[in-house]
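J.: from the sequence below, what's the structure:
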Amino acid sequence: MKLTGDIRRDFEKVSAEYAQLKGRIQEYQETVSELRRSLDKARESKKAQKADYEQRIAEKDAVIKALTNRLEHELALKAHDGTNTGIPTSQTPIGKKKVIPNSRAVTGKKKGGQPGHKRHVLEAPSDDEIDVVAVHELREEDCCPKCYGQDNSFTGEREAKHEIDVRINVAKIKHEYYIYECHGCGEYYRTGIAPNLKAQCQYGTMTQAAALSLMNTVNAPINKVRAFLSGLTGGQIEPSEGYIAKLQLRAATALGAFMEGLRLMLIARALVYWDETVIMINKARGCLRFYGDETIAYYTAHLHKNMESLDEDNVLVLLTPDTSVMHDHNKVNYNEKFSFRNLECNQHLLRDLQKSADDTRHPEFLELKELISTTIHDRKCLMSAGAEAFDNAYTASFESRLNGILDQAEKANDEDFNPYFGQFEKNLIKRIRIYHDNYFAWVYDFSLPTTDNLSERALRCIKSRMKVSGQFQSVITAGYFAKIKSYVETCRRNGINEIHALARLCEGNPYSVDEIFGFNTTST
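T.: Here you go, the predicted model:
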């Protein structure tokens, strides 16, 4: 029984120890579970911190990238000038070097006449042409420059210097018209009075011509025209500002038949250049438009730059498929109502290529610009040698290189899309592909031009006028300027003196289109 009791005690002891161990194991397990929960919580916290850190880094990278892009955008905009956009050099910011586009090749030579170049000097008139002989004899106070003596005698020799100058002589002309009596019916009549002599006293045609030239060519404001004529004539000719303003009306009115004849001659040409520019008309944006070629300058003015004003001009709609029209990507030219052949200006294309290359830093457009410029240069060399076209191998090489560069540019645009300038680049590639034949017709036909610079030069005068006067008072006065400018510029392009042409206009007998272009020609 004692053994049984011992065994029981041992069993109870072991059971108690087992229970304690079991409790401790449970405590350890709870501690381990708690530690595991803490570890998991720490891991989750660390993971969340890492994710938050990575998000913050990504946000910072995005901000840095956005600011970098914005900085590059601003720097690109600041770099825009006349070489890569249509910005005129007059708008170059203060402090920035003015860049004047020049397509001439750099030779490295000094400016001015080169060695061997014949010097051009003003030639002295012959004795028959001399109007005034000014004799310069010694005065009483003059003396020998060496000994200061005054005992001298004339040697009979002379040294001549010539001067070609302008002397303004105001001519006050009296016109007398004889009155006659008809012995048959007793009627009294006189010789016909010229249309420009309606008033009892008026300014002559040369004065009027000078005023018109100052307003429409020199772009002088009316008050300055008045001041100039007054100063030039010592106050003898001082027309009122109202009189000068009415000169525009009278001159433009007298050009109705001339403008119609010029338009009819224009639409018969095989090649027509045209462009338009914004003008200000009574604080609103209007439009001055040019059509022409090397011998014709036809200007029109409108309140709006739209299809309706083009219809009013009645020029483009009358051109046939045999006519080529050069312009600066005026998309209105591709309207279905027109049937002429479109030519796109490569000078503007080269500027767009330079702009895109500067903005995106993609070199493909610089390669394309070099290809086009080199091809134009090669064409000029062949034309000077009498060639009329490239050979087939040259044109095939040009097309292959052109398409290869466009493919590379398209790939660069897709892989490295610039958020500010990428769309312009994509649109430019698309435009070159769509209008390929219009841009590069000159590659296959040397008789076709490469640029629309003729129109650009023709419209440059209006920008100078806007700087001086700011605006036209109405579309009517803008139309006066357009008509007079058409007459003056067409005469000048055909070798007719501007003042003589304006004097005839003021006489009521302007040059006709037939006279200017050699039909029934009269002396100028």
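
J.: now do Ile168, the pLDDT please.
T.: Listed pLDDT for Ile168 reads 85.

J.: next up, the contacts around it.
T.: 232-233 (C-beta atoms under 8 Å, 6 or more residues apart in numbering). For glycine as for every other residue, the C-beta is placed from the backbone atoms N, C-alpha and C.

J.: ok so it is a strand residue?
T.: No: counting by DSSP: H, G, I helix; E, B strand; the rest coil, Ile168 is not found in a strand; it is coil.

J.: residues in contact with the helix or strand hosting Leu262?
T.: For Leu262, the element it lies in under DSSP states H and E is helix 256-266. When contacts are defined by C-beta under 8 Å, 6+ apart, helix 256-266 is touched by residues 272, 291-292, 296, 298, 314-315, 483, 486-487, 490, 510-514, 517.

J.: doesn't Val278 make contact with Ile462?
T.: No: counting by C-beta atoms under 8 Å, Ile462 stays clear of Val278, with 9.2 Å between them.

J.: between the two, which is the more surrounded one?
T.: Using other C-beta atoms under 10 Å, the more surrounded residue of Ile462 and Val278 is Ile462, with 21 against 13.

J.: just the buried ones from the contacts of helix 256-266?
T.: Buried by 16 or more other C-beta atoms under 10 Å: 272, 291-292, 296, 298, 315, 483, 486-487, 490, 510-511, 513, 517, out of the contacts of helix 256-266.

J.: identify the residues contacting the residue lying closest to Met280 once chain neighbours are set aside.
T.: Distances taken as C-beta to C-beta, 6 or more residues apart in numbering place Gln471 nearest to Met280, at 3.6 Å, with adjacent residues excluded. Shown in contact with Gln471 (C-beta under 8 Å, 6+ apart): 279-283.

J.: mind putting those into JSON lines with distance to Glu260 and neighbour count?
T.: Converted to JSON lines, the contacts of Gln471 look like this (distance: C-beta to C-beta, whole Å; neighbours: other C-beta atoms under 10 Å):
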{"residue": "Ile279", "distance to Glu260": "23", "neighbour count": "25"}
{"residue": "Met280", "distance to Glu260": "28", "neighbour count": "14"}
{"residue": "Ile281", "distance to Glu260": "24", "neighbour count": "22"}
{"residue": "Asn282", "distance to Glu260": "27", "neighbour count": "13"}
{"residue": "Lys283", "distance to Glu260": "32", "neighbour count": "7"}
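
J.: among those residues, name the ones in strands.
T.: Within the contacts of Gln471, residues falling in strands by DSSP state E are 279-281.

J.: in TSV: the residues you listed, plus pLDDT and distance to Glu308.
T.: Formatted as TSV, the ones in strands among the contacts of Gln471 follow (pLDDT from 0 to 100; distance: C-beta to C-beta, whole Å):
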residue	pLDDT	distance to Glu308
Ile279	94	17
Met280	93	20
Ile281	93	16
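
J.: can you tell me which of those residues is nearest Thr323?
T.: When the ones in strands among the contacts of Gln471 are ranked by distance to Thr323 (C-beta to C-beta), Ile279 comes first, at 26.9 Å.

J.: just checking, the closest one touches Thr300?
T.: No: using C-beta under 8 Å, Ile279 is not in contact with Thr300, being 11.4 Å away.

J.: what touches both of the two?
T.: Leu288.
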